[in-house]
Each structure stands twice: as structure tokens, then as C-alpha cells.
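Chemist: Here is the input, now give the coordinates:
(chains A and B)
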Amino acid sequence: MSEGSTESRSLRKFLRHKPAMISSVVIAVYLVVAAAVILGDLVTVADCDRRYGPRTTPGFGATQEAEKRLQDIVWYAEQIEQKLELREKLRRRSMARGEVPADADIEQELRGLRIGNLRPADVSADELQDRLDGLWDTVAGLDEFDDLNEASAAGGEQAATISRLLQTAHRQMQSLYADQSFGESFRRDLHLLFGTDVAGRSVFLRSIYSIRVAVLVGVVTGLISVTIGSLLGLAAGYFGGWVDGLVTWLYSTFASIPNIVLLMVLAYMFRGGEVDRWLNDRTGDGFRSLIGGSLDETLIPVFVAFSATFWIGPCRVIRGETLKLREMEYVQAAQVMGYSRLRILLRHVLPNISHLLLINFSLLFIGAIKSEVILSFLGIGVKNGASWGLMIDAARDEVLVGFFWQIGAATALMFGLVLAFNILSDALQDILDPKHV
Amino acid sequence: MSTVTDKSATQPAGEQADVVLSVRNLFTSFRTDQGEVNAVSNVSFDLKRGEFVGLVGESGCGKSVTSKSIMRLLPEFVTVYGAESQILLTGENLLRYSERQMRDVRGNRIAMIFQEPMTALNPVFTIGWQLDEALKYHTNLNRRQRRDRVIELLDMVEIPNPDRRYDEYPHQLSGGMRQRVVIAMALACEPEILIADEPTTALDVTIQAQILKLMKDLQERTGTAILLITHDLGVVAQTCERVVVMYAGQVVESASVTDLFHDPAHPYSKALLESIPRSGQKQKGRRLATIPGIVPSLFDMPPACRFAERCPLRQDKCDQVLPEITDHAGRSVRCHFPVNQNSERR
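Modeler: Residues are numbered from 1 along each chain as shown, chains lettered A, B, ... in the order given. Below is the predicted model of the structure:
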């Protein structure tokens, strides 16, 4: 069984490891989405904050109670009505001044109305007003019932009437908006896939945008922490003496502070903008243009806060492993071959702990994502755009009234990523350890 | 086999041109929480060009500390060498060398191989890579020349198909093969001295014999002086020309192999030889001889003869005066009352 090198052996083992394969495909999907958000503007911050429909609609076009259906229809109608009322107002004002009504401008403004990618129907404003009036008549018919939900639940003729009227109202509402191509309506369905939140924003888009935040936080803090941790750990383990004493003291001190408290302190430190202002003054406005905004608007405070505490884990593990490897005979053999200490450290010890770097990275990646969610939930993490933590925080009240779409979407996406990473790092531990053959 | 002419500690170093390594009055101590502990005291011996010398003694007698002192591998901040101590490599005192100068000596002029072939090679690199690195570090050969040299070295240590083995990883080789690779690596830069710290202890007996034969052949071919550190007298008898016996951090006897095995002068050497199991009719029913007592603790060394407590020939003087190394019937012995033919016989 001694065919091939260790690399190809590891690769074969990996390819045969089903959970590892599945989880890496899942992670790849997340990474592609994150890359598309970061590089290709798949979802922008503006998309996260835009209204896509009435507030708190459920996802997957779930059937709703009659009352809610009516409310939604009315909401769509009101959007058009607001514009038309504005038109009336302006027209009256123009008439009073004895000017020619600036209808063209109003039409223009009406065309500019967008709800997600819905546009008003391509007809004149008057025609639109007629259609709207028709809708209001139907709605008035529905208003005769005291309680739509009760009436439709009771069944019989009343229920049939309500159902018919609602269908008519829905059709009339749709006539207010332009017909959509297949692509457009597909995108609209996608935007409303997980419903909307209390402000009518698309839960789907927000949770997709959150992948960007999660992956960025995970990758950046993972890389920084593993780099710092492994360099300090290697130095401490290999050189021993006062270097070891210093590093051990440093991580023991950091580890003795409860993690979340330290994270909160650091996050607050950056919050008021003092640090940001100070740095900006020093660099002559160069700092803000470099990071594209004030510190508070970027993820940098989160990166710093996490990296400051997360390096402890890899540092400890790698120090221990280096202590062990230092006594291995091949390290001593490298010493008797006259190699320099740096060479021994980087070319003989480091390759033997590379599996630890990878495993620690994947563990920190998950840890960072979870911590980001917790901090954002506490209101000191991510500030703008969206993150799973913000979504879960926002969903607190919704959950009480039984609306679970926002918290569900955020949790499911986070769960998928974290689980996939956990499985992968577990598999990597089995596959990559050079001592396992 | 050359006759034994071990010089006493007082003789000036480098007198004989063919002495490559000369250890003079080596004291090695360690700073510990309980104070300074002397692990090796007043050890002196010479290694001549192309000579095969055995350094024997039981566990903890200072064999490895001696070899690591020569390589200056002991942790610097806890190790103290005696002011009089000298380790002369062709006349130059290694104890005065800087770490940088030592790096040129290690691998290049003095090489060392260790006991455990299973861990002596880095598991994440091919053996070719590891041999290549040694050459890259110490020679100016280009890539092609290095590859040729590596294959030549693998061939020299009798590894079959060196071309194919070049790209194999240590875990793909057996223990004996790995030890061969380790030897090839040690000899890559044609060092003057090879220190072998129990190179065959971890191998089974047949492989052990092969490796010893290989080392002996290579020593004859390359002229490298070999210092073989072992506790196995059988190995010494098989390979070495001269033996240095250590006990509790001191050299107690230094003699040619024939002299030592036929006629040990120091009671400790004699006791060691007697505790080797032998086969044959005469031995039937006889109990294996052992040396009573234990090695004195490093923290509590007797001021006089360190072997006195366990010595069958102990006399009053032994508890009072530390015996000096004296030339005695063609060998050096550290004993007031050496046993051998020329004196009394037991």
C-alpha cells in the first residue's frame, strides 16, 4: 500500500470521505455566494434596506388568512394611490397658480415607483386612477364583513363570497402593476421566498447578504488569529525560556478575561468614533478613504475584537505541539546537520503542524461567525447592511406573534454553514494528521 | 588493530597529527533548582582519523551528555562547561566556538545519528528532499549534481533502487532502511567524525548486524572516525577498535577491544563483562552475574571512587581518595587497585 505520496493519499482519503465531500460542496456554495456578494454586487446594502412588499409576509407564498390577504392587497394599492394623490395635489396647485398642469412630470414620477422590481402598469395616470377606484369598490364590498377571518372560517356562502371578492381584488391590484416577464417574476418570487420582515424588507436578500458578513468575519479573523497564534505558539514552544514565559503569560491573561466581555469592551471602544477620528487626524484623512468610511460602518472593529481573543486557542495548541516536536529526533537531527534555528522552525517544524493550522482555522471560522451573531444580537456587532445576528435580534418580537420566517432563515443558513464547517474540520483532523496513516 | 595509546589528561592536545577529536577534561554541569548538577566530570579521550571507538556505560552514566557536549547540543542557558574543559577538533576548541561557527561544524565536520530511526526522519518530506537539503545547506552543488550525489549516497548505504526510493516518504521504509537513510544523511558532507548514539538499539538483531557491518564498511571506505555510543558490549566487540568505559560521569577505563574483553583492568569493566549472558555447556545452571547496588545519584556523588560502594575489591583508600586516570599495562584506568594479569588475579 505504499503507492503515491502523502499528498495524493490524503486527497484520495478526502475524496472517499462522504461527509467531508458533501460539507465541502456546501461550503463552496456559501463561498461562491459570498464572493458574488462581495465582488459582483449580487446583493447590495441598498437591497437589504429596500421595501419588497407588505410587512411580515410569510415565505414560500404560504396561504394566509383572509384579513392579512386583504391588508396586503390594500398595501400594494396604497403605494399607487399615494403617487396618484400627489399628482392630484400638484395638479391643483398648478391650476391655482394658473399654470398648465405638469402631468408629464407626475407620470414620470409614477413610472419611477418601484416595489422590489414591480413597476406601475404602463398606462396613463387617469387609467390607473380608474383601475384603483375599481379596486376600492371591491374592498368596500369586503369591508361589509366585521371579521373576515371568522367569516371565511365559518364556510358556506359567506366564505365563498369573501374568497371571490379577494380574488377579484387581487386581480385588480395586479392590473395596477405592469406585467412581468418570466425572469422578473422569478426574481420577485425569489425575493419573497422567505417573506418580508416588519419593515417589508426581503428576508431572503438580507440572509444572503449576511453570508458575506459571516464569511468575511470568519475568513479574516480566522486568518489573523491563526497567523498570530501560530507564530507566537511556535516561538514559545521552540525557543522556550523567557519567550515561552512571555507568550504563556500573555495568553493566560487574555484567557482569564471572559471572552464576550472583552469582545464587548473592544467593540464599544471603536463605537464612539474616537479611535476612528484619532487615526483619521493622524493620517490626514487618509484612513477613512482607505477603509471606505468611518470605522463604525466597516467590519474592522469586529475583526480587531475577534482577533484579539481568538489567537489564544491556536497559540496554545501549537505551543504544545511544538514543545513535543522540538524533542523529536528529526528536529534534533536537523540541528546536528547544522541548520539554523529559523530554518528548522519554518522548514522542519512548521510543515508538521500544518494540519493544526488548517483545523484551527476551520474551528475559528465557525467561532467567529457565532460570535459575530451574538455581538450583533447584542447590538454591538455589525451596524449596517444585514447579518444573521441583526436578523435574529430584529425577529424577537415577530417570534412572539408566531412569525418565524426571519429567525428561521437566519438560523437555517447559519446552521448549514456551521454544521458543514464542523463536519469538514472533523474530517480534516482524521485525514491530515501526518501520524495517521 | 592499532595498539592502545590513550593519552592521559595531562598530555598536550593535538600532538599526534592523526588525532581528529580530542576531548580534554570535559566537565559538563546543569543548573537546576537544586543547584548545579555535574553530569560529566573530567572526561578525556581521543579519536583518531578513521578509528572506531566505542563509548560504553549503563544508563545515566553520561555517554549522551558527552556526545551532546561535543556537538554543543545541550540547552545553552542551563549548561555549564568546566573552565579547563576543551573539545579539540583538529586543534580548535569547539567550546569557544559561537553558535554560528558551530553550525558549520555540525553536519559538515561532525555528524551525529540517533537511536530511534522511526522518528529520525521528518515524516512530511521525501527522503530525497531531506538528503538534498543537507547538501544544499553545506555544499555548492547544483540541483543535478545534488540529485546524483543523493542517489550515490543511497546506493552507498545499500538501499536497493535508490532512484525510486528518492521520492518515498519515511513511513514507506522499514526501520533498518530508515537507519540507512539516516546514515547516508550523516555522511552526505563527508564529515571527519560520526557520532552514533545507540544507532542499533531500536532495531532487531539481524538488522542490527547489517547496520553495524555497513557502518564498519563505510568507515573503512571513507576514513570517517566513528564514536559509537552504546550500552551493548556485544556491539562493541563486533565493531570497535577501542573502548572507553564510563561510570557515573567519569571515564573508568580506556583500552583496546581485545585487551578489555580478555583482561579488563577496572573492576567495573570486569563486572560489566561478567553480566553478559553467555551460552554453552559450561554456563548451564549458572545464574547471570549482576552488579549489586545502584549508580550513585548525581546530587550525591561520593567524593572518592564513585564505584567504591558496589566494588568487590573495595578497600579503605577507595572511600577516601579519588583515583586518577593512570596508565596501567597499556591502557588507562581510574582505579587504585586495578584487576588484571600483571597485578593480582581473582
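Chemist: Which residue ranges of the stretch 251-400 of chain A form helices?
Modeler: Along the stretch 251-400 of chain A, the segments classed as helices by DSSP state H, counting those that start in this stretch run A:259-271, A:274-282, A:286-291, A:300-310, A:312-326, A:329-336, A:341-343, A:354-378, A:388-394, A:396-400.
Chemist: ugh, wrong one, I meant the stretch 1-150 of chain B
Modeler: Counting by DSSP H, counting those that start in this stretch, one finds helices in the stretch 1-150 of chain B at the ranges B:63-71, B:99-105, B:127-138, B:143-156.
Chemist: Point out the most buried one among these.
Modeler: helix B:63-71 (a mean of 23; mean count of other Cβ atoms under 10 Å in any protein chain shown). For glycine as for every other residue, the C-beta is placed from the backbone atoms N, C-alpha and C.
Chemist: contacts for that one?
Modeler: A:336, B:21, B:23, B:26, B:28, B:39-40, B:43, B:55-57, B:74, B:79, B:81, B:87, B:94, B:106, B:110, B:112, B:195, B:197, B:227, B:229, B:231, B:246, B:249 (Cβ atoms under 8 Å, 6 or more residues apart in numbering or on different chains).
Chemist: and if we set it to 7 Å?
Modeler: Helix B:63-71 is contacted from outside by A:336, B:23, B:26, B:28, B:39-40, B:43, B:55, B:57, B:74, B:87, B:106, B:110, B:112, B:195, B:197, B:227, B:229, B:246, using Cβ atoms under 7 Å, 6 or more residues apart in numbering or on different chains.
Chemist: if I look at the closest residue to chain A within the stretch 201-346 of chain B, how far off is B:Glu116?
Modeler: Residue of the stretch 201-346 of chain B nearest chain A, by Cβ to the nearest Cβ: B:Ala202 (10.3 Å). Distance, B:Ala202 to B:Glu116, by Cβ to Cβ, to the nearest Å: 5 Å.
Chemist: can you check B:Ala265 too?
Modeler: Computed with Cβ to Cβ, the distance linking B:Ala265 and B:Glu116 is 34 Å.
Chemist: now swap in B:Cys318 and tell me
Modeler: Taking Cβ to Cβ, one finds B:Cys318 at 38 Å from B:Glu116.
Chemist: Of those two, give the one with the bigger neighbour count.
Modeler: More crowded of B:Cys318 and B:Glu116, by other Cβ atoms under 10 Å in any protein chain shown: B:Cys318, with 22 against 19.
Chemist: Disregarding residues adjacent in the polypeptide, which is nearest to the more buried one?
Modeler: B:Ala308 (4.1 Å; Cβ to Cβ, 6 or more residues apart in numbering or on different chains).
Chemist: Same question for A:Ser207.
Modeler: Distances taken as Cβ to Cβ, 6+ apart put A:Ala409 closest to A:Ser207, at 4.4 Å, once the chain neighbours are dropped.
Chemist: How about A:Thr322?
Modeler: Closest to A:Thr322 by Cβ to Cβ, 6+ apart is A:Gly237, at 2.8 Å.
Chemist: repeat for B:Ile207
Modeler: Of all residues not flanking B:Ile207 in the chain, B:Gly176 sits nearest, at 3.8 Å (Cβ to Cβ, 6+ apart).
Chemist: just checking, the one you found touches B:Gln208?
Modeler: No - using Cβ atoms under 7 Å, B:Gly176 makes no contact with B:Gln208, being 8.5 Å away.
Chemist: the longest helix in the chain is where?
Modeler: Using chain A. Looking across chain A with DSSP state H, the single longest helix is helix A:203-239.
Chemist: hmm, I had chain B in mind actually
Modeler: helix B:205-222.
Chemist: Flag the shaky bits of the chain, pLDDT-wise.
Modeler: You didn't say which chain, so I picked chain A. A:1-7, A:100-106, A:271-273, A:291-296, A:433-437 (pLDDT under 70).
Chemist: try again with chain B
Modeler: B:1-17, B:281-284, B:328-330, B:340-346.
Chemist: picking that back up, mind putting the helices of the stretch 251-400 of chain A in TSV, mean neighbour count and distance to A:Glu81 included?
Modeler: Conversion of these to TSV gives the following (neighbours: other Cβ atoms under 10 Å in any protein chain shown; distance: least, Cβ to Cβ, whole Å):
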stretch	mean neighbour count	distance to A:Glu81
helix A:259-271	16	42
helix A:274-282	14	44
helix A:286-291	14	43
helix A:300-310	23	43
helix A:312-326	21	58
helix A:329-336	23	79
helix A:341-343	12	74
helix A:354-378	22	37
helix A:388-394	24	28
helix A:396-400	12	27
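Chemist: could I get those helices as CSV with distance to A:Arg212?
Modeler: Listed next are the helices of the stretch 251-400 of chain A as CSV, based on distance: least, Cβ to Cβ, whole Å:
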stretch, distance to A:Arg212
helix A:259-271, 19
helix A:274-282, 22
helix A:286-291, 16
helix A:300-310, 13
helix A:312-326, 25
helix A:329-336, 43
helix A:341-343, 38
helix A:354-378, 12
helix A:388-394, 11
helix A:396-400, 23
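Chemist: And the residue nearest to the spatial centre of chain B, its phi and psi?
Modeler: Nearest to the mean C-alpha position of chain B, by Cα atoms, centre = their mean, lies B:Ile229 at 3.0 Å. Dihedral pair for B:Ile229: phi -100, psi 120, per degrees, to the nearest 10.
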